[in-house]
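Q: Take a look and give me a structure for this.
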Amino acid sequence: MSDAPPATAPPPPANFAFWNVNGLIPRLSTSTPLIKEFIQRHSPDIIFLSEVRMLAESPTSQATPSMRDRKAQEDKRAFDAAFSRTGPFANYKLQGLSLHPSKRYAGTLLAVKETCQQPLNVSYVIPGSSPKPQPSSSSPPPKTKSITSFFTPSTTSKKRPLPSSLHDPDGRVIFAEFTSFHILHAYVPNNGSHPTSWHRRKSWDTLIETFFTTVRSNSNLHPSSFSSPAKPVTARVYAGGSEEV
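A: Prediction:
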């Protein structure tokens, strides 16, 4: 009979870092030592990056192989190296990645320290919204859910309905659910200088306001009976037409 002490559950995340990297790959090429220093000094449990500006693997990217494939391959190698045992994110698990399907624009990333509790679920839209699906070989058919239905337990299951696994069209949203809290990370669209962008921002603000109003008034927010593992990362970094991801 073993005298080993019982295993303890990993602690929930308690220290967070949010960073608009303004292009992850260029930042890695110029600032990896500084990134490592920051992580070693502050040891964040969760790292959210916005404006990663990487191209998603998708029918759009695969259908137009060109000279940019070499750039895509370089980006993929640099990205993989960042999460290798010698990279700045060596002690983190990539738990969320949402990218634009046809250009290096916007995009968000979630990394969680390996020794911490990992998310129960990760989704890529604001619950209650129904954006146009991002072209992806692994995307399911579009689904529409109201904000109320997102937080209302199913009558046929002990687990409440899961949010849609579709992506925000620009890869702007990561919504992560942990045992004791939920966290929404978003790369918010700016107002711009054209009426079209003003309307886009107004629609975004309305959606966010409605979402948080629902969250504050709903007792089903914390998924005490929710025990399914985190969904796999849906978006994948495009690595060029001649190289398999």
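
Q: Tell me which helix or strand in the protein has the weakest average pLDDT.
A: The weakest-scoring helix or strand in the chain, judged by mean pLDDT, DSSP states H and E, is helix 147-151 (a mean of 37).

Q: next helix or strand past that helix?
A: strand 173-177 (DSSP states H and E).

Q: Please point out which parts of the next helix-or-strand element following that next one sit buried.
A: Scanning forward in sequence from strand 173-177 by DSSP H and E, the next helix or strand is strand 182-186. Residues 182, 184-186 are the ones in strand 182-186 that count as buried (16 or more other Cβ atoms under 10 Å). Where C-beta positions appear, they are placed from N, C-alpha and C, glycine not excepted.

Q: same question, stretch 199-218
A: Buried, per 16+ other Cβ under 10 Å, within stretch 199-218: 204, 207, 211, 214.

Q: Mind jotting down where the helices sit in this protein?
A: For the chain, the helices defined by DSSP state H occupy 24-42, 59-62, 68-82, 147-151, 195-217.

Q: can you list those in CSV and add distance to Asn15?
A: Converted to CSV, these look like this (distance: least, Cβ to Cβ, whole Å):
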stretch, distance to Asn15
helix 24-42, 7
helix 59-62, 35
helix 68-82, 20
helix 147-151, 27
helix 195-217, 23
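
Q: and Glu177, which of these is closest to it?
A: The minimum distance between Glu177 and those falls on helix 147-151, with 11.1 Å, by Cβ to Cβ.

Q: Lowest average pLDDT across the helices of the chain?
A: Between the helices of the chain, the one with the least mean pLDDT is helix 147-151; it has a mean of 37.

Q: Who are the contact partners of the nearest residue to Pro88 once chain neighbours are set aside?
A: Once flanking residues are discounted, Pro88 sits nearest to Ile35: 4.2 Å by Cβ to Cβ, 6 or more residues apart in numbering. Contacts here follow Cβ atoms under 8 Å, 6 or more residues apart in numbering; on that basis Ile35 touches 27-28, 88.

Q: which regions of this structure sit below the pLDDT cut-off?
A: Counting by pLDDT under 70, the chain contains low-confidence ranges at 1-6, 58-68, 128-165, 219-245.

Q: Would you quantify the distance from Val52 to Leu97?
A: Going from Val52 to Leu97 by Cβ to Cβ, to the nearest Å gives 8 Å.

Q: hang on, the earlier thing: which of the contacts of Ile35 sits closest to Val125?
A: Taking Cβ to Cβ as the measure, Val125 lies nearest Arg27 of the contacts of Ile35, at 26.1 Å.

Q: how much space between that closest one and Met54?
A: From Arg27 across to Met54, the span is 11 Å (Cβ to Cβ).

Q: try Asp205
A: When distance is defined by Cβ to Cβ, Asp205 is 27 Å away from Met54.

Q: How about Lys103?
A: Applying Cβ to Cβ to Lys103 and Met54 gives a distance of 10 Å.

Q: Ok, Phe79 next?
A: 7 Å.

Q: Same drill for the two, tell me which one is more crowded.
A: Shown here are Phe79 and Met54; by other Cβ atoms under 10 Å, Met54 has more neighbours (24 against 21).

Q: pretty sure that one contacts Leu28?
A: No: counting by Cβ atoms under 8 Å, Leu28 is not a contact partner of Met54; they are 10.9 Å apart.

Q: I figured Arg201 hits Pro195, correct?
A: No: under the criterion of Cβ under 8 Å, Arg201 is not in contact with Pro195, lying 10.7 Å apart.

Q: thinking again about what came up before, please tabulate the buried residues of stretch 199-218 in TSV, including the columns distance to Val173.
A: Below are these laid out as TSV (distance: Cβ to Cβ, whole Å):
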residue	distance to Val173
Trp204	10
Leu207	10
Phe211	11
Thr214	16
